[in-house]
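> fold the following for me, if possible:
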Amino acid sequence: MMRGLLSVSLGACLLALAGPARADELPTRKAGLWEMKVVKVGGLVPEMTMQHCTDATTDKEMNNSVSPIAKQISTLDHLTEGRLIFGVGVGGEFPKEYEACGVPINERGARLSESLTIMRKLWTGEPVSHAGKFFNFEGIRMQPPPRQPGGPPIWCGGRADPALRRIARMTDGWMSYVVTPDMYRQGLEKIATAASEAGRTFDRGFGTAHLLFTRIDDTYEKALDAATVSLSQRYAMDFRKAAQRYAALGTPQDVVETIFKFQQAGVRHLILDFVGPYEERDQQIERFAAEAMPLLAGLRKG
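Numbers count the residues shown, from 1 in each chain. I've put the predicted structure just below:
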């Protein structure tokens, strides 16, 4: 059974797809059935009905920056009735953000790895301590723990080899970004190899997801032009060549052909980020539902 997926992307379309979920079924070559759903997300995450993070403690102060996030995720897991999947990544596209926070950008991978270890500890609901390179605390107990025993599944982004090894060792799924279908297939193979070398078994299954820039138009060139403008503005660079390589662009048939390639590469959860003028996202979602979804009927379960 696939777990519910919570997407917080603005104006995104989410396709939740059913397929192999155990470690020995990492879909590097297999093609499975997809259970298709379209969800329009119209805004940011609503305010959470939670107390101040320090109220989570019993008699000790939670004095590191990871614990509030662990508490927030635990709260969301309860609010979603145990259907939350927690997505993480190191970022790095905007180095000035790290500079503003006083965090060396070359430490982001190590900080994420240590933070994941801390969150797993806190999510047990038992008194725990930690002595690491970046964070230290003693005798902290976070209550209540998440609704899902041990905490929600963690899906991690990244495409470099160190990130893929982290995914294999520490997380429950891969949610990629700016990769091609071939890169995705190769990434899954690397994750499977690293997991085997680490003696890791995915008792909770392994999620495979991808965020795909998408633009439907009457021609490929029109879609590429619109995608280039919005993505170049978003990332403060000329994104035309990257859009050509990584995005699903063109007619509904063109877009569906790209989706098929990712499905064949092993993707079972697809997040469509409709690019172009923001005010056209409703139209993009409606057109995808009307013209592209029927072409995916062969992948729909039942």
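> just the helices from this protein, written as ranges.
66-79, 95-101, 108-122, 161-170, 181-197, 220-235, 240-246, 252-265, 281-287 (DSSP state H).
> how about those helices, which one is nearest Ala131?
helix 108-122 (10.6 Å; CB to CB). Where you see a C-beta, it was placed from the backbone N, CA and C, and this is true even at glycine.
> for the closest one, what is the average pLDDT?
Confidence for helix 108-122, expressed as mean pLDDT, is 95.
> so that helix versus helix 66-79, what angle?
60 degrees (axes from the mean of the first three to the mean of the last three CA atoms, to 10 degrees).
> now tell me what touches helix 108-122 from outside.
Identification of contacts with helix 108-122 by CB atoms under 8 Å, 6 or more residues apart in numbering yields 64, 66-67, 69-71, 73, 88-92, 98, 103, 128, 130, 132-135, 140, 142, 145, 150-151, 154, 156, 162-163, 166, 170-171.
> now with 6 Å?
Helix 108-122 has contacts (CB atoms under 6 Å, 6 or more residues apart in numbering) with 66, 70, 90, 128, 130, 132, 134, 142, 162, 166, 170.
> ok, now stretch 197-213?
21-23, 153, 155, 169, 172-177, 247-248, 262, 266-273, 275.
> among the residues you listed, name the buried ones.
By neighbour count, with 16 or more other CB atoms under 10 Å, those hold 21, 23, 153, 155, 169, 172-177, 247-248, 262, 266-273, 275 as buried.
> low-confidence bits of the chain, can you list those?
1-64, 300-302 (pLDDT under 70).
> give me that answer again for 90
1-67, 90-103, 203-204, 296-302 (pLDDT under 90).
> contacts only, for Trp155.
85, 87, 173, 175, 207 are the contacts of Trp155 under CB under 6 Å, 6+ apart.
> could you identify the most distant pair in the residues you listed?
Going by CB to CB, the pair spanning the contacts of Trp155 furthest: Gly87 and Gly207, at 9.7 Å.
> in strands, which of the contacts of stretch 197-213 appear?
Among those, the members found in strands (DSSP state E) are 155, 173-177, 248, 269-273.
> got CSV for those, with distance to Arg108 too?
CSV is the format used below for these (distance: CB to CB, whole Å):
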residue, distance to Arg108
Trp155, 17
Gly173, 20
Trp174, 18
Met175, 17
Ser176, 17
Tyr177, 15
Ala248, 29
His269, 24
Leu270, 26
Ile271, 22
Leu272, 27
Asp273, 23
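> and the residues you listed, which is closest to Gln186?
Ser176 (11.0 Å).
> the closest residue to the closest one other than its chain neighbours: neighbour count?
Excluding the flanking residues, the one nearest Ser176 by CB to CB, 6 or more residues apart in numbering is His210, at 4.8 Å. Neighbour count of His210, defined by other CB atoms under 10 Å: 26.
> compare the contacts of helix 108-122 and tell me which is most surrounded.
Most surrounded of the contacts of helix 108-122: other CB under 10 Å gives Ala70, at 26 neighbours.
> quick one: that one and Glu99, what's the gap?
Using CB to CB, to the nearest Å, Ala70 is found at 25 Å from Glu99.
> ditto for Phe137
From Phe137 to Glu99 the distance is 26 Å (CB to CB).
> these two: who's more crowded?
Neighbours per residue, other CB under 10 Å: of Phe137 and Glu99, the larger number sits with Phe137, 20 against 11.
> from Ser67, how far off is the more buried one?
8 Å.
> cool, and Val267?
33 Å.
> same question for Glu189.
Distance, Glu189 to Ser67, using CB to CB: 36 Å.
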